[in-house]
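J.: dropping the sequence and predicted coords here.
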Amino acid sequence: MNNSKTLTPKGYLFKLSIIHAGSSFAILLFTIVIFLMNKEVVLGFTENKGLLIYIVPIVCMIAYFGTNYFFNQELKNMVQHKSLKKKLLQYQKGCIIRFAILEGAVFLSSTSFMITNNIFYLVISILLILYLIKLKPTKKTLVRDLNFSMVEKQKFQEGNNPLEDD
């Protein structure tokens, strides 16, 4: 029985890749537009630094380290599931949350660049965007992250066979 709700490993990976590409492209496009809209770029900090100089780096570091910590905690919970399908759905949820938090940090940093014209915020945005791109989901990373058993690896490598609830 083949319906639209059937989850196959190939379809799952495609769906997760589309979510990742959409997230990465959207925030990259936003940052490029912000950069192109600015008439001047400031390289240093003025005497009146404001709160952004403290808030943006702290929020971005929390986003970076926090999403890694959160995702690793979720991975520990995912490995305990018996069903490959449940593991993959939990993994997808964890990835989406991770992407969203990083996007939020990039949005804050890019918006700070728009307000202040300070290149410091743009550099932070670019670094987070590069990290987000690095998080692209692949078969290899899924197998590594979820610590698949031999049976699960085989099911996942088959590609087009529907995943069943075990």
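T.: Done, it's in.
J.: and residue 27, what is it in contact with?
T.: 103, 106-107, 110, 129, 132 (Cβ atoms under 8 Å, 6 or more residues apart in numbering). Every C-beta, even on glycine, is put in place using the N, C-alpha and C of the backbone.
J.: closest to residue 35 out of the residues you listed?
T.: residue 110 (8.2 Å; Cβ to Cβ).
J.: on that earlier part again, now, which of the contacts of residue 27 lie within helices?
T.: Among the contacts of residue 27, the members found in helices (DSSP state H) are 103, 106-107, 110, 129, 132.
J.: among those, which two are most distant?
T.: Of all pairs in the ones in helices among the contacts of residue 27, the most separated under Cβ to Cβ is 110 and 132 at 12.7 Å.
J.: looking at these two, which is more packed in?
T.: residue 110 (26 against 21; other Cβ atoms under 10 Å).
J.: so residue 111 is in contact with residue 37, correct?
T.: No. Counting by Cβ atoms under 8 Å, residue 37 is not a contact partner of residue 111; they are 11.6 Å apart.
J.: of those two, which one has the most company?
T.: With other Cβ under 10 Å as the criterion, residue 111 and residue 37 differ in neighbour count, and residue 111 comes out ahead with 17 against 8.
J.: nearest to residue 50, of the ones in helices among the contacts of residue 27?
T.: residue 110 (16.5 Å).
J.: got the contact list for that closest one?
T.: 27, 30-31, 34, 121-122, 125.
J.: could you check the pLDDT of it?
T.: Per-residue confidence (pLDDT) for residue 110: 95.
J.: that one and residue 158: what is the separation?
T.: 42 Å (Cβ to Cβ, to the nearest Å).
J.: repeat for residue 36
T.: 46 Å.
J.: quick one, which of these two is more surrounded?
T.: residue 158 (13 against 7).
J.: next one, pLDDT for the residue lying closest to that one once chain neighbours are set aside please.
T.: The shortest distance from residue 158 to any residue other than its chain neighbours is 6.8 Å, reached at residue 9 (Cβ to Cβ, 6 or more residues apart in numbering). pLDDT for residue 9: 79.
J.: circling back: so which of the contacts of residue 110 wins on neighbours?
T.: Result: residue 125 is most packed of the contacts of residue 110 (other Cβ under 10 Å), 27 neighbours.
J.: how much space separates that residue from residue 154?
T.: Relative to residue 154, and taking Cβ to Cβ, residue 125 is found at 41 Å.
J.: so where is this structure shaky, pLDDT-wise?
T.: Along the chain, segments meeting pLDDT under 70 span 1-5, 44-49, 81, 159-166.
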